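Engineer: Okay, predicted coordinates and the sequence, questions at the end:
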Amino acid sequence: MRLIGLTGGMGSGKTTVAKMFQDLKVPVYNSDTEAKRLMNEDAGLRLAIIKLFGDQAYKDNTLNRSFLAGKAFTDKALLFKLNNIVHPAVRKDFKSWAKRQQYPYVIQEAAILFENEGYKGFDQMILITAPKKIRIGRIRKRDGLTEKAILERMQHQWPEKKKKELAHYVINNKNLEDTRRQVLKIHNEILQKSH
């Protein structure tokens with residue numbers, strides 16, 4: 001079974017593209033969703049997060065995401081420490097999930113697979129790109145963040161050029177029909193390589 005990484009900057013459309021692969025029956029692991037689940041359910045992870053952020057990290061026994069984001073995205077050292085706690089737990093969970101799938105390949109969708117060197121654990125990498133202006137518009141609509149807050153978060157991600165050099169496939173996600181065609185082409189190529 002081939003392990004495929006799917007990544008892209010904030011607002012590039014990772015979730016939309018992942019859904020297109022799911023529509024083709026490809027098992028997709030959403031790192032963001034699973035990280036939230038693990039941060040709430042994994043006792044060891046919870047303790048490590050509380051040790052790092054204090055008791056305010058959880059509110060009513062649930063991860064206090066806005067508190068964490070407010071702290072982590074304004075302090076690079078804190079974000080680095082948080083990622084070093086969460087990413088290994090997600091990686092381990094993904095590997096265990098992948099073993100249970102019955103398909104020629106699986107996809108892990110994650111925001112920073114290049115930045116944290118996670119890409120090294122995949123057979124191939126798919127990078128989703130979109131013009132910065134479109135990305136900012138999507139994030140504002142989705143998360144209600146200010147442009148300033150969005151740009152602050154974007155600074156923590158590598159520039160597109162650097163990611164493109166490491167990607168096996170690049171999907172330019174400006175137009176849904178065109179994106180769907182690119183997904184189908186990549187899907188067929190990966191299936192051919194899997195046999």
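Structural biologist: Thanks, I have the structure now.

Engineer: going forward, measure contacts between C-alpha atoms and count neighbours the same way
Structural biologist: Fine.

Engineer: can you map out the helices along this protein?
Structural biologist: Along the chain, counting by DSSP state H, helices occupy 14-23, 31-41, 43-53, 65-72, 76-99, 132-143, 147-154, 160-166, 176-194.

Engineer: can you redo the ones you listed as CSV with mean neighbour count?
Structural biologist: Below are the helices of the chain laid out as CSV (neighbours: other CA atoms under 10 Å):
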stretch, mean neighbour count
helix 14-23, 18
helix 31-41, 16
helix 43-53, 15
helix 65-72, 14
helix 76-99, 15
helix 132-143, 14
helix 147-154, 14
helix 160-166, 14
helix 176-194, 14
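
Engineer: now the ones you listed in CSV, with mean pLDDT and distance to Leu113?
Structural biologist: Below are the helices of the chain laid out as CSV (pLDDT from 0 to 100; distance: least, CA to CA, whole Å):
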stretch, mean pLDDT, distance to Leu113
helix 14-23, 96, 12
helix 31-41, 95, 10
helix 43-53, 95, 20
helix 65-72, 90, 18
helix 76-99, 93, 10
helix 132-143, 92, 18
helix 147-154, 87, 14
helix 160-166, 92, 10
helix 176-194, 95, 19
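
Engineer: Minimum distance to Leu3: which of these has it?
Structural biologist: When the helices of the chain are compared by CA to CA, helix 76-99 sits nearest Leu3, at 8.1 Å.

Engineer: Show residues contacting the closest one.
Structural biologist: 29, 31, 34-35, 38-39, 45, 48-49, 52, 71-73, 106, 108 (CA atoms under 8 Å, 6 or more residues apart in numbering).

Engineer: one step back: for the helices of the chain, give me CSV that also has distance to Tyr119.
Structural biologist: Shown next, in CSV, are those (distance: least, CA to CA, whole Å):
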stretch, distance to Tyr119
helix 14-23, 15
helix 31-41, 13
helix 43-53, 23
helix 65-72, 23
helix 76-99, 11
helix 132-143, 22
helix 147-154, 19
helix 160-166, 9
helix 176-194, 17
